[in-house]
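Peer 1: Need coordinates for the below:
(one chain, ligands or ions: 2)
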Amino acid sequence: MTDQILIFDTTLRDGEQSPGCSMNLEEKLRVAAQLEALGVDIIEAGFAIASDGDFEAVQAVAQQCQRAVVASLARAARADIERAAAALKVAKRPRIHTFIATSPLHMKVKLNKSPEQVLESIRESVSLARNLVDDVEWSAEDATRSEPEFLARAIETAIRAGARTINLPDTVGYATPETYGAMFRDMIARVSNADLAIFSTHCHNDLGLGVANTLAAVAAGARQVESTINGIGERAGNAAVEEIAMALKVRHDVLPWRTGIVSTEITRASRLISAVTGMHVQPNKAIVGANAFAHESGIHQDGMLKDSSTYEIMTPESVGQSHSSLVLGKHSGRAAFKDKLESLGYQLSDNEFQDAFQRFKALADAKKQVFDEDIVALVDDEVLRGHDRIQVTEVEVYCGSTGPQRAILTLSIDGEEVTAATKGNGPVDALFNAVKKLVPHDEATLQLYEVSAVTAGADAQAEVSVVLAENGRTVRGVGAHNDTLVASARAYVNALNKLVVKRGRSALAA
Ligand SMILES: CC(=O)SCCNC(=O)CCNC(=O)[C@H](O)C(C)(C)COP(=O)(O)OP(=O)(O)OC[C@H]1O[C@@H](n2cnc3c(N)ncnc32)[C@H](O)[C@@H]1OP(=O)(O)O
Ligand SMILES: CC(C)C(=O)C(=O)O
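Peer 2: Ligands and ions are numbered 1, 2, ... in the order given. The predicted structure is shown next:
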């Protein structure tokens with residue numbers, strides 16, 4: 001038995017059955033082009049009878065595809081099969097994929113047919129399809145809830161009628177790896193003409209087992225797998241092609257099968273599907289999630305900096321991503337912080353580094369994500385005020401709709417702490433009055449007070465600029481903090497320090 005697994009991509013058919021994921025013709029053509037670049041073997045382009053739009057899409061994809069087989073789905077009904085054949089007329093390699101349910105529940109309740117009538121439908125539909133195209137796939141819908149005895153008879157009938165691919169879907173995601181693998185082993189052994197067909201998997205993710213079930217079926221002899229990009233599909237979705245392909249690649253030691261998937265095209269395919277369907281990939285999704293190659297915790301980041309194989313079982317490049325990322329947050333340690341500072345062009349002394357790290361940890365505690373701009377603001381702020389004689393130690397502000405607003409400010413002046421409580425017309429005014437009370441500078445006037453956010457988000461750091469003028473001297477102070485008022489106090493005091501320097505080294509008062 002070959003070790004090559006055919007990849008049947010049904011993003012354009014079952015994937016499109018995800019609520020809200022309809023794609024227009026132009027989008028389907030772009031997706032089909034990317035699926036060919038990705039190296040899938042069969043593209044299920046749609047369900048030709050479903051609508052004129054679906055017919056046109058199947059036809060256009062069939063016309064465009066150069067290498068992949070193009071399939072259309074069809075019920076066990078003459079009109080469906082003839083419509084599929086018509087849409088596929090222009091295909092280089094057409095396939096009709098016809099299906100009917102084989103479980104007692106579906107046959108009785110949904111189809112209102114006896115098992116014998118279903119067998120007759122299989123005979124008729126597959127024969128008709130075979131008269132129209134050479135390549136016919138037959139699916140036993142709800143195979144995993146079908147009686148094994150009857151399922152085997154149905155498969156035998158489909159193969160005898162000319163189907164060369166037999167798909168045994170877990171339509172409602174009910175199987176487990178053990179039961180799904182056992183079903184394939186059982187059918188391949190039991191069906192007398194099984195050797196004439198390729199057996200195929202089609203797994204839904206209702207219990208989150210789609211990929212595990214697919215791999216179990218491959219181990220049991222399936223040689224085609226049906227899946228979708230990003231795992232989109234009816235209800236909880238289908239098995240994700242990128243997960244299957246990478247599992248086979250990364251764990252080839254225990255999963256000794258190959259696919260034609262060009263893994264470096266995976267990320268491009270995933271992003272295209274997200275863009276055209278508007279269905280975003282969850283960040284922690286395997287292979288293609290935004291966090292799949294992102295590391296936040298210090299111990300992992302330290303390991304990654306020493307050797308990426310400590311915490312990555314595949315490289316981001318192997319799935320088409322440019323690099324891993326070390327995301328700075330409250331779990332990060334010194335190694336990652338130092339690496340980030342170096343990449344931003346900073347060379348700090350040991351003391352400066354330790355101070356900056358303390359402040360980074362405090363910021364990370366208060367903020368969900370620390371961006372590069374935050375680090376720049378934080379370090380610049382630290383370096384700027386490192387030698388200031390007047391430092392902001394503590395800020396407390398009481399504000400609200402009923403004034404006057406009040407501030408309690410503690411400054412350290414040449415190492416000595418002093419505190420003042422003041423009122424003002426607004427919290428910033430109250431704060432600046434406190435500075436004036438602690439370090440009188442009556443001749444200085446505030447020329448500018450400006451606040452901007454360092455990054456996006458309600459928890460962004462504020463960067464404040466203050467310009468003070470005194471007797472023809474103008475100085476600008478800046479301050480950054482995730483509390484705008486603390487940033488304001490720092491900016492004002494930074495400007496004041498510069499004024500003191502301009503006055504002459506020892507003169508705190510004008
Ligand atoms: C497991 C799967 O994913 S199967 C694919 C599911 N995908 C889709 O259904 C998307 C496209 N579907 C459609 O556009 C429409 O359902 C159509 C055009 C196929 C059919 O539309 P309608 O004729 O209005 O029928 P409707 O959808 O209401 O009901 C389905 C009919 O198909 C019958 N049917 C279901 N499966 C099959 C089958 N494999 N073979 C034959 N008949 C079937 C049902 O018994 C029902 O027949 P009834 O009307 O005599 O009771
Ligand atoms: C039509 C078949 C292949 C299907 O989509 C399913 O059973 O889930």
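
Peer 1: Next one, pLDDT for Leu378 please.
Peer 2: As predicted, Leu378 sits at a pLDDT of 83.

Peer 1: Ramachandran coordinates for it?
Peer 2: phi -70, psi -50 (degrees, to the nearest 10).

Peer 1: The stretch 151-300 of the chain against ligand 1: which residues are in contact?
Peer 2: Thr171, Glu234 (CB under 6 Å from any ligand atom). (Glycine included, C-beta is placed from N, CA and C.)

Peer 1: Please report how far Leu207 lies from Ala239.
Peer 2: 12 Å (CB to CB, to the nearest Å).

Peer 1: okay, those two: which has more neighbours?
Peer 2: Applying other CB atoms under 10 Å to Leu207 and Ala239 shows that Ala239 carries more neighbours, namely 27 against 15.

Peer 1: from memory the more buried one sits against Ser227, does it?
Peer 2: Yes: counting by CB atoms under 8 Å, Ala239 sits close enough to Ser227 to count as a contact (4.5 Å).

Peer 1: list residues touching both of those two?
Peer 2: Taking CB atoms under 8 Å, 6 or more residues apart in numbering as the contact rule, Ala239 and Ser227 both touch Cys203, Gly210, Thr214.

Peer 1: Between those residues, identify the one with the most neighbours.
Peer 2: Cys203 leads the shared contacts of Ala239 and Ser227 on contacts (other CB under 10 Å) with 32 neighbours.

Peer 1: Please name the bridge partners of that one.
Peer 2: Asp170 (DSSP bridges).

Peer 1: got a list of what it touches?
Peer 2: By CB under 8 Å, 6+ apart, Cys203 lies in contact with 169-170, 173, 175, 180, 209-211, 213-214, 217, 226-227, 238-239.

Peer 1: how about a markdown table for the shared contacts of Ala239 and Ser227, with pLDDT added?
Peer 2: What follows is the shared contacts of Ala239 and Ser227, written out as a markdown table (pLDDT from 0 to 100):
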| residue | pLDDT |
| --- | --- |
| Cys203 | 98 |
| Gly210 | 98 |
| Thr214 | 98 |
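
Peer 1: Rebuild the residues you listed as JSON lines, extending it with distance to Ala194.
Peer 2: Below are the shared contacts of Ala239 and Ser227 laid out as JSON lines (distance: CB to CB, whole Å):
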{"residue": "Cys203", "distance to Ala194": "20"}
{"residue": "Gly210", "distance to Ala194": "24"}
{"residue": "Thr214", "distance to Ala194": "19"}
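
Peer 1: is it true that Leu344 touches Leu378?
Peer 2: No: Leu344 is not in contact with Leu378 according to CB under 8 Å; the separation is 10.7 Å.

Peer 1: Settle it for me: which of the two has more neighbours?
Peer 2: Using other CB under 10 Å, the more surrounded residue of Leu344 and Leu378 is Leu378, with 22 against 12.

Peer 1: How far does stretch 325-345 stretch from one end to the other?
Peer 2: This stretch, stretch 325-345, spans 18 Å end to end (CA to CA, to the nearest Å).

Peer 1: where does this protein come near ligand 2, residue by residue?
Peer 2: Asp14, Phe99, Ser139, Glu141, Asn167, Pro169, Thr171, His202, His204.

Peer 1: Including pLDDT, could these go into CSV?
Peer 2: Shown next, in CSV, are the residues of the chain next to ligand 2 (pLDDT from 0 to 100):
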residue, pLDDT
Asp14, 97
Phe99, 98
Ser139, 99
Glu141, 98
Asn167, 99
Pro169, 98
Thr171, 98
His202, 98
His204, 98
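
Peer 1: In the strand or helix carrying Ala269, which residues are buried?
Peer 2: Using DSSP states H and E, Ala269 sits in helix 266-277. For helix 266-277, a neighbour-count test (16 or more other CB atoms under 10 Å) marks Ile266, Thr267, Arg268, Ala269, Ser270, Arg271, Leu272, Ile273, Ser274, Val276, Thr277 as buried.

Peer 1: now swap in stretch 373-381 and tell me
Peer 2: Glu373, Asp374, Ile375, Val376, Ala377, Leu378, Val379, Asp381.

Peer 1: Could you do stretch 390-399 as well?
Peer 2: Buried positions in stretch 390-399, judged by neighbour count with 16+ other CB under 10 Å: Ile390, Gln391, Val392, Val395, Val397, Cys399.

Peer 1: cool, and stretch 288-299?
Peer 2: Val288, Gly289, Ala292, Phe293, His295, Glu296, Ser297, Gly298.

Peer 1: Dihedrals phi and psi, the third one?
Peer 2: Think Ala292. Ala292 has phi and psi values of phi -60, psi -30 when expressed as degrees, to the nearest 10.

Peer 1: how close does the closest residue in space to it that isn't next to it in sequence sit to Ser318?
Peer 2: Nearest residue to Ala292, sequence neighbours excluded (CB to CB, 6 or more residues apart in numbering): Ala286, at 6.4 Å. From Ala286 over to Ser318 the distance is 14 Å, taken as CB to CB.

Peer 1: where do the contact lists of these two overlap?
Peer 2: Here Ala286 and Ser318 have Met246 as joint contacts, going by CB under 8 Å, 6+ apart.

Peer 1: Which elements pack onto the worst-scoring helix or strand of the chain on mean pLDDT?
Peer 2: Ranked by mean pLDDT, DSSP states H and E, the helix or strand of the chain with the weakest confidence is helix 372-385, at a mean of 76. Applying 3 or more CB pairs under 8 Å, 6 or more residues apart in numbering; DSSP states H and E, one finds that helix 372-385 contacts helix 334-343, helix 350-366, strand 473-481, helix 484-503.

Peer 1: Show me what counts as buried in the longest one.
Peer 2: Think helix 484-503. In helix 484-503, counting by 16+ other CB under 10 Å, buried: 484-500, 503.

Peer 1: other SSEs contacting that helix?
Peer 2: So helix 484-503, by 3+ CB pairs under 8 Å, 6+ apart, packs with helix 372-385, strand 390-398, strand 405-413, helix 427-438, strand 445-453, strand 462-470, strand 473-481.

Peer 1: closest one to Pro19 among these?
Peer 2: strand 445-453 (36.4 Å; CB to CB).

Peer 1: Who are the packing partners of the closest one?
Peer 2: strand 462-470, helix 484-503.

Peer 1: For that strand, which strands pair with it and how are they oriented?
Peer 2: Here strand 445-453 is paired, per DSSP bridges, with strand 462-470 (antiparallel).

Peer 1: quick one: the partner strand to helix 484-503, angle?
Peer 2: Counting by axes from the mean of the first three to the mean of the last three CA atoms, to 10 degrees, strand 462-470 lies at 30 degrees to helix 484-503.

Peer 1: Other residues contacting strand 462-470?
Peer 2: Residues contacting strand 462-470 (CB under 8 Å, 6+ apart): 377, 441, 443-454, 474-484, 487-488, 490-492, 494-496, 499, 510.

Peer 1: try 6 Å
Peer 2: By CB atoms under 6 Å, 6 or more residues apart in numbering, the surrounding residues in contact with strand 462-470 are 377, 443-445, 447-452, 454, 475-480, 484, 487-488, 491-492, 495, 499.

Peer 1: domains for this protein, by residue range?
Peer 2: 6-277, 294-382, 387-503 (automatic domain parsing).

Peer 1: What separation do you get for Lys367 and ligand 1?
Peer 2: 45 Å (CB to the nearest ligand atom, to the nearest Å).

Peer 1: What is the nearest of the buried residues of stretch 390-399 to Ala154?
Peer 2: Closest to Ala154, out of all of the buried residues of stretch 390-399 and judged by CB to CB, is Cys399, at 74.4 Å.

Peer 1: Isn't that closest one up against Val428?
Peer 2: No: with contact defined as CB atoms under 6 Å, Cys399 does not reach Val428; the gap is 9.3 Å.
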